[in-house]
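Give me a 3D structure for the following:
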Amino acid sequence: MASLALGAPYRRLWSATLLSNLGDGVRSAAFPLLAASLTHDPISISAMAVAAQLPGILLALPAGSLADRFERRRLVIAADAIRLAFLLGLIGLIASGWATMSVLYVVVFVSGATDVVRATAASTLVPSIVPLEHLDRANGRLVTAEIAGNEFIGPPLGGFLFGIALVLPFAINGGTLAIAVALVACIPALLQTPEQAAAATAGSPQEPTGGGLQWLRRHRDFWPVPATSAALAMTDSAWFTLLVLYVQQVLHLSAAWYGILLGVGAVGGLSGGFFAAALTRRIGPRITTMACLGLAAAGQLALATTSSVILTAAVLATSSMAFAIWNVQARTTIQRTVPTHLLGRVISINRAVITAASLAGAGLGGITASRLGLHAPFLLGVPVLIVAGALIATSRTTSAN
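Down below sits the predicted model:
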């Protein structure tokens, strides 16, 4: 069995990842509900989304440097422990009636910051505890755990728990984090490699990406990996941020249907993470990458030219599937290609590219929709994805080897 081949340390990391992301999903639903109970000011509530996204911009690159300079297992433990401490503080303030929007901003920002550090460190930890030939399966199962907790189980559970008691979702989140910390602490300590030891003393903390950028400059055949990530992130963000309006104004459905459609998308993501390794091994990385880009382009073209509920559900499922498959493939490619002592920095650069592309896509999608209507953002991404697929077909890319 592949799960046995991955080993006990990986199973502990997988379980901790599932619990941590389950808590993230619970929290993602509970935070807006808590904010709405504290204020009715739309600006104050929307500012919470800014506080949640800001760490992804500010800390993506420094997180990679931390993962290359310090023991990665301890970083995962420290990130979850810090998040747990702030959640416990929030629980106490809610219970005492002293919770304010200012407190919530701080907790949301710290949660986002520790999530960035944890995700980067966990990604760099996988090659140290899993045999090289099983990296794709390991990443597929991790992606499935992340989607299951963050998108499929966590948000509806968070909303349900909040309806029972304001403090309950945060208490459950604290419990899942405490178990996650214990599980990762049970993973045997990993010795620092000579390359990591050198990286820990080389360079300047003010230049956290230096080694990673130099490696990328020397390996141009690797560029299609972040480029593909950027293309998918930008084109998806251009329309997904407006999906709630599309559901209401184009499909003429209620808010409940919006949640159902998101659940359908999560199911697609789960299946993509589960089957990604087998699919890539069967048809090869290059064709898999082109298929992901083609699925995304076909789905966006379909939603730009029709107004079908069934088709929308199918597109959400297939798009999420394509993203999950690419996520697994990109992680595996980076882990197999990049030297261990630079792994954190290259992963963080890829994450920074994805974040920047997502923000750019959201902005372009909003502007396009305001001027040309809600169908237009879907068409915006189709040519980008087609060009990206053509470039993959004709290039010698690491992800295609």
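
quick one, helices of the stretch 1-150 of the chain?
2-5, 8-38, 42-58, 60-69, 72-96, 101-129, 135-147 (DSSP state H, counting those that start in this stretch).

what does the last one rub up against?
For helix 135-147, the external contacting residues (Cβ atoms under 8 Å, 6 or more residues apart in numbering) are 2-3, 6, 10, 13-14, 17-18, 21, 122, 126-127, 130, 266, 269-270, 272-277, 280-281, 320, 324, 327-329, 331-332, 335-336. (Each C-beta comes from the backbone N, C-alpha and C, glycine too.)

ok, back up a step: any idea which of the helices of the stretch 1-150 of the chain scores lowest on pLDDT?
Lowest mean pLDDT within those: helix 2-5, at a mean of 52.

helix, strand or coil for Leu253?
coil (DSSP: H, G, I helix; E, B strand; the rest coil).

Kindly give a single ChimeraX line that selects the buried subset of the contacts of helix 135-147.
Per 16 or more other Cβ atoms under 10 Å, the buried members of the contacts of helix 135-147 correspond to this ChimeraX selection:
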select :6,10,13,14,17,18,21,122,126,127,130,266,269,270,272,273,274,275,276,277,280,320,324,327,328,329,331,332,335
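
And the residue of the chain most remote from its centre, how close does it get to Ala67?
Using Cα atoms, centre = their mean, the residue of the chain lying farthest from its centre is Ser96. It sits 33.8 Å away. Per Cβ to Cβ, to the nearest Å, Ser96 is found 37 Å from Ala67.

ditto for Asn139
Relative to Ala67, and taking Cβ to Cβ, Asn139 is found at 16 Å.

just Thr305 next, same as before
Distance from Thr305 to Ala67, by Cβ to Cβ: 44 Å.

the more surrounded of the two?
Ala67 (27 against 11; other Cβ atoms under 10 Å).

Just to check, Ile45 is in contact with Leu34?
No. Counting by Cβ atoms under 8 Å, Ile45 does not reach Leu34; the two are 10.2 Å apart.

Look at the two and report which has more neighbours.
Per other Cβ under 10 Å, whichever of Ile45 and Leu34 has more neighbours is Leu34, with 23 against 17.

from what I can see the more buried one touches Leu166, true?
Yes. Assessed by Cβ under 8 Å, Leu34 is found in contact with Leu166 at 6.5 Å.

which neighbours do the two share?
Ile94.

Check which helices and strands the helix or strand Thr318 falls within is in contact with.
Per DSSP states H and E, Thr318 falls inside helix 309-337. The contact analysis (3 or more Cβ pairs under 8 Å, 6 or more residues apart in numbering; DSSP states H and E) places helix 309-337 against helix 101-129, helix 135-147, helix 224-240, helix 255-283, helix 285-305, helix 343-372.

Export those helices to CSV and append columns for distance to Leu177.
Converted to CSV, the helices and strands packed on helix 309-337 look like this (distance: least, Cβ to Cβ, whole Å):
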stretch, distance to Leu177
helix 101-129, 10
helix 135-147, 15
helix 224-240, 27
helix 255-283, 22
helix 285-305, 32
helix 343-372, 22
